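> Sequence plus predicted model, see below.
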Amino acid sequence: MSRNQKLKPPQITIDGKTYKVKKRLKLLRRMYELNDQEIEVESIEGLEVLYQFLVDCFNDEAVTMDAIEDNVDVDEFMDLFDAVAGFLRDSFTSKMESMPKKEPGTSH
């Protein structure tokens, strides 16, 4: 991805209004923590962990666990989760790749 190409944040539409994922560093941390956990997605607790991650990523009072259940189809849920996780990961790695590389033997 080029430096000028901007990553498009995943969106969710609730009651006709569209919300975009926020790029917050704490979300990247949570994503890595989730990746290290064994989440049983075929359980209420596992689904709630994934729902809550999405709620946190959209960071808007209108995007709640209930709103996600009411507005996201079953077959779209994991696609949305994957899109959000990919967006956070790609945003971070894109930024890291665009930073100037430190030359060996230099202090700056």
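Looks like it arrived, so ask away. Residues are numbered from 1 along each chain as shown.
> Show me what the helix or strand hosting Lys26 is packed up against.
Taking DSSP states H and E as the definition, Lys26 sits inside helix 25-36. With contacts defined as 3 or more CB pairs under 8 Å, 6 or more residues apart in numbering; DSSP states H and E, helix 25-36 has these neighbours: helix 44-58, helix 74-98. Backbone N, C-alpha and C define where each C-beta goes, glycine included.
> Take the ones you listed and lay them out in a markdown table including distance to Thr18 and mean neighbour count.
Listed next are these as a markdown table, based on distance: least, CB to CB, whole Å; neighbours: other CB atoms under 10 Å:
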| stretch | distance to Thr18 | mean neighbour count |
| --- | --- | --- |
| helix 44-58 | 10 | 17 |
| helix 74-98 | 13 | 14 |
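> For the helix holding Lys26, buried residues please.
Using 16 or more other CB atoms under 10 Å as the burial criterion, the residues of helix 25-36 that qualify are 27, 30-31.
> Pick the one among those residues closest to Glu45.
Using CB to CB, Arg30 is the member of the buried residues of helix 25-36 that sits closest to Glu45, with 16.4 Å.
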